[in-house]
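In: Give me coordinates for this.
(chains A and B)
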Amino acid sequence: MLKAIGIISTNYRLNAIERLSENRPLSTVPFGCRYRLIDFALSNMVNAGIRSVGVVLPYRMRPLLDHLSAGKAWNLDRHLGGLFMLPSVTPALKPKVQMFCVRDILANIEFLTTEDADVVIITASNYVFNMNYSKILKKHEKNGADITLVYKNGLKSNIKVESKLMMDKSGKVNGIRKTEDQDTSDLESTFADVFVFNRKLLIDLILRSRDTEFKDLLDLVESNLKDKIVLGYEYKDYIKPIFTLEDYYETSMELMNPEVKAELFDWEEKIITKIKDSPPTKYKENAIIKNSYVASGCILDGKVTNSLLFRNVDVSKNSRLSGCIVMQNCKIGENSILENVILDKGINIPANTVLKAQADSPMYLPKGVVV
Amino acid sequence: MKRKECVAMLLVGGQGSRLKCLTANIAKPGLVFGSKYRIVDFCLSNCINSGIDTVGMLTQYKPFLLNSYVGLGSAWDLDIDKGGLHILPPYQGPQGGTWYKGTANSIYQNFNFIDQYNPKYVLILSGDHVYKMDYNKMLQEHIDKNSDVTIAVLDVPYEEASRFGIMSVDEEDKITKFIEKPKIPESTLASMGIYIFSWDVLRDALIVDESNPYSENDFGKNVIPSLLMDNKRMYAYRFEGYWKDVGTIESYYVANMELLGDSPSLDLFEKNFKISSNSNTDARPPQYIGAKSVIKNSFICNGCTILGRVENSLISPGVTIEEGAVVKDSIVFPDVKILENAKVNKTIIGENVVVGEGAAIGTATKKPLQPNGITLIENNLEISPKIRIAAGSEITS
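Out: Residues are numbered from 1 along each chain as shown, chains lettered A, B, ... in the order given. As a prediction, the model looks like this:
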């Protein structure tokens, strides 16, 4: 088995999800009642037995540092290896979605040169997935690949900027096509922002690209397709990118689908997050909860359907929530009606409030808003 | 090493035999309480909330699960360099070794541990009680009164007094008499099994007690009465508030049920004096509540999938309740599976139990096998589909 280390990139910003990540990096957007988006990428690394993970930090890093801390929740507070914070060079440029800036890796080249490993797995931090990397590494080794790119057929996000891998019959990548604002009917072999590099090759490529360091890592791969063995790996299980508010809402609601639940949550590899150790959730006499996810520490006395409740949410008597995502520490007063609303952390909804939106364009209330 | 003001010694070695099959493979302090907690959480949280960061945990009966649960004490911030949590089992020395013969003997055998910290005071705790208490207030009173021994007491109803160690006190709460489980109680001040000793006094007393071949080496029966005879300065510390000795099936069941409802006797949601538990042992997803499920007046934890009906019950982490299943007035331990159309009534179900499809547990009978009508299912059992188990049964392997 190849020995791997990991890099997770968080230094990118997206206009489309701007409001949800206005005051926090995209990687720390709360998701699925008790997680942050980066938990998926990070847990996948840890579950694959990787014990050295570098996180390329975003410009506004406080929420991310707060969440990751020393990596204890992921068992990454190690003497040998562990969690490495890799400061980025420049703040990400908003209009251009450059997810893996070569310059950020160059600035942290020591992480690659000092950690002894055969391969480096590099991923984004805004995907919802529970991926078993060991299968990918096996194939990478067996086929003698220099670089493996993971793709997914039918991978669709609402942002319409995708990279398609073009491959020959043996699965060797011979071209990469960017589908910026082009037709979205073609969902074949979309790159899922997961790279596997032979470590020494990656160091070599990065060091040789000093003069073109503002490139994206994928562009660097593209310019080496002829000389190196670059293989595509088809990922068949559940994976969803979060690029827009619509992606966020749809993917959240999709968790209620039993197949998605089984793939993400019910198998032995668990998604790990920072422990808060809240009390159990209390269901009171008037609680009616249907088809919903609920975190711990909630006190529920109202009606909740098709919704996600984060930790320590109170829903008072005679309130009705449907299609809502309610983040940590929100309080919903009596007799309130909320439909298709996303409440950011700590919002108080006074009694008798009515907020309604359509399911295809949910209403988002930012942190600190006073209703 | 820097001297510690106070070291806590937490006694968790007792079996809790009156809890029957619930403690078949874990000591009583490791028993689930209030759905996500274990009984030992309360003492450990009390310690850290009182600023006591050095705890010796004395284990003896079935320690494995309890040891792995508390681990290094990191869930309670007790994983520190100088001090922290230490698990202290009986051990062998050059002259051999023995099991802990009694509560006092277990402390006697760990002289070296306490001496290493050289504390001024030693707090003796029993790990099988459920309560929130700031030990620091008690310690302050011990210091202010220049006591040798301070015993926490609770004013109990007269009819219950003969179950406890009962103290008579003078107008300054100085203890004048101590009788363990008196037939005719002279007072209603009951010992809560929480003692603060000045270490030099305790040290001498334990040496005397150990040299007495007739002693049972027990704090309540031997050490406290003999210190009283020696005219040591012993005071009662009056505690008011929630304190439960969940020593029997019935008291355990009632204490759990009292957590439910609008005005629970013990508030687990209070933020200022938080009870911590080790949730690190398994990363669990949020609880999923299905489209047909009904949940009334209950606690549900992370990792649960509830598709059936739950009423007046406490459901621990990782429990699955399938469609058509009904769970009423019950306590369900972690990772239990209750399959389709099973009925569970007034039952305590041990960890990892699978209740087969259509099984009925705790069904009404004219004469329950136990007067309280509580049914018990031991850990790790598989209950066959469609089987009927009468109320008050105890199902063991």
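In: Spatially central residue in the chain, please.
Out: No chain specified, so I'll use chain A. A:Asn126 (2.6 Å; Cα atoms, centre = their mean).
In: my bad, the chain I had in mind was chain B
Out: Most central in chain B under Cα atoms, centre = their mean is B:Asp128, positioned 2.4 Å from the mean C-alpha point.
In: List phi and psi for that residue.
Out: For B:Asp128, the backbone dihedrals (degrees, to the nearest 10) come out as phi -120, psi 30.
In: Would you agree it is in contact with B:Trp243?
Out: No. Here B:Asp128 lies out of contact with B:Trp243, judged by Cβ atoms under 8 Å, at a distance of 11.9 Å. Just so you know, the C-beta spots here come from the backbone N, C-alpha and C atoms, and that holds for glycine as well.
In: sorry, back to before: could I get the contacting residues of the residue nearest to the centre of chain A?
Out: Under the criterion of Cβ atoms under 8 Å, 6 or more residues apart in numbering or on different chains, the neighbours of A:Asn126 are A:Leu14, A:Leu26, A:Ser27, A:Val29, A:Leu37, A:Pro241, A:Ile242, A:Phe243.
In: Skip the chain neighbours and tell me the closest residue to residue 350.
Out: All of this is about chain A. Residue nearest to A:Pro350 in three dimensions, not counting chain neighbours: A:Gly333, with 4.9 Å by Cβ to Cβ, 6 or more residues apart in numbering or on different chains.
In: if you could check chain B rather than the one you did, that'd help
Out: Distances taken as Cβ to Cβ, 6+ apart place B:Asn379 nearest to B:Gly350, at 3.6 Å, with adjacent residues excluded.
In: Make sure I have this right: that neighbour is in a helix.
Out: No. B:Asn379: not assigned to a helix; according to DSSP: H, G, I helix; E, B strand; the rest coil it is coil.
In: can you count the residues close to it?
Out: By other Cβ atoms under 10 Å in any protein chain shown, 21 other residues sit near B:Asn379.
In: Ok, B:Arg38 next?
Out: 22.
In: hang on, the earlier thing: okay, the residue nearest to the centre of chain A and chain B: tell me how far apart.
Out: Between A:Asn126 and chain B the distance is 19 Å, computed by Cβ to the nearest Cβ, to the nearest Å.
In: for the stretch 151-300 of chain A, which spans come out with low pLDDT?
Out: Applying pLDDT under 70 to the stretch 151-300 of chain A picks out residues A:158-161, A:180-187, A:213.
In: so where do the helices sit in it?
Out: Remark: helices assigned in the stretch 151-300 of chain A by DSSP state H, counting those that start in this stretch are A:199-208, A:217-222, A:245-254, A:258-264.
In: right, so of the ones you listed, which gets closest to chain B?
Out: Evaluated over the helices of the stretch 151-300 of chain A, closeness to chain B peaks at helix A:258-264, with 6.5 Å, by Cβ to the nearest Cβ.
In: Please enumerate residues in contact with the closest one?
Out: With Cβ under 8 Å, 6+ apart as the criterion, helix A:258-264 contacts A:Gly32, A:Val128, A:Phe129, A:Asn130, A:Asp237, A:Tyr238, A:Glu254, A:Leu255, A:Ile271, B:Pro285, B:Tyr288.
In: how about 10 Å then?
Out: With contacts defined as Cβ atoms under 10 Å, 6 or more residues apart in numbering or on different chains, helix A:258-264 is touched by A:32, A:35, A:40, A:128-130, A:237-240, A:251, A:253-255, A:257, A:266, A:270-271, A:293, B:285, B:288, B:290, B:305.
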